[in-house]
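Colleague: Below: sequence and its predicted model.
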Amino acid sequence: METTGFDLYQRESRKTWRLVHTDHPLVYPTLGLVNEAGEVAGKIKKIFRDKDGVISEADRQALKSELGDVLWYLTQICTELDLSLEEVAAENITKLFDRLERGVIRGEGDTR
């Protein structure tokens, strides 16, 4: 019996898989950052889905708490990379104003 569809995909995709050793100080805070950013996105999704985009004071406080968690994990990643939040923020604003001046603030690609 020939395998097709997802059974085939599952078998064939496994050929490209390998175990990646992840015992590194960047792994935990990176996963935490993504998790907390997802929680922020989920809360905002529900505000638009359930409340027509009206943000209550309780929503603001809940988002503030989640954003604080995002900041904590971002800070830990910066610390592991020996980067200060100041230098990351300064480089980001320089990049954004450069894109603005060149008229490429919209669009796609890291190097636009």
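Modeller: Perfect, thanks for sending it.

Colleague: Residue 82 and residue 26: what is the separation?
Modeller: 12 Å (Cβ to Cβ, to the nearest Å). The way it works is simple: take the backbone N, C-alpha and C, and place the C-beta from them, glycine included.

Colleague: So between the two, which is more surrounded?
Modeller: Between residue 82 and residue 26, counting by other Cβ atoms under 10 Å, residue 26 is the more crowded of the two (12 against 6).

Colleague: what are the ranges of the helices in this structure?
Modeller: 5-13, 27-51, 57-80, 85-102 (DSSP state H).

Colleague: can I get the ones you listed in CSV with mean pLDDT?
Modeller: Output for the helices of the chain, formatted as CSV (pLDDT from 0 to 100):
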stretch, mean pLDDT
helix 5-13, 93
helix 27-51, 98
helix 57-80, 98
helix 85-102, 96
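
Colleague: looking at these, which is closest to residue 110?
Modeller: Among those, the nearest to residue 110 by Cβ to Cβ is helix 85-102 (9.3 Å).

Colleague: Packing partners of the closest one?
Modeller: If you count contacts as 3 or more Cβ pairs under 8 Å, 6 or more residues apart in numbering; DSSP states H and E, helix 85-102 packs onto helix 57-80.

Colleague: List of residues touching the helix it packs on?
Modeller: 25-26, 29-30, 32-33, 36-37, 39-40, 43-44, 47, 51, 55, 84-85, 88 (Cβ atoms under 8 Å, 6 or more residues apart in numbering).
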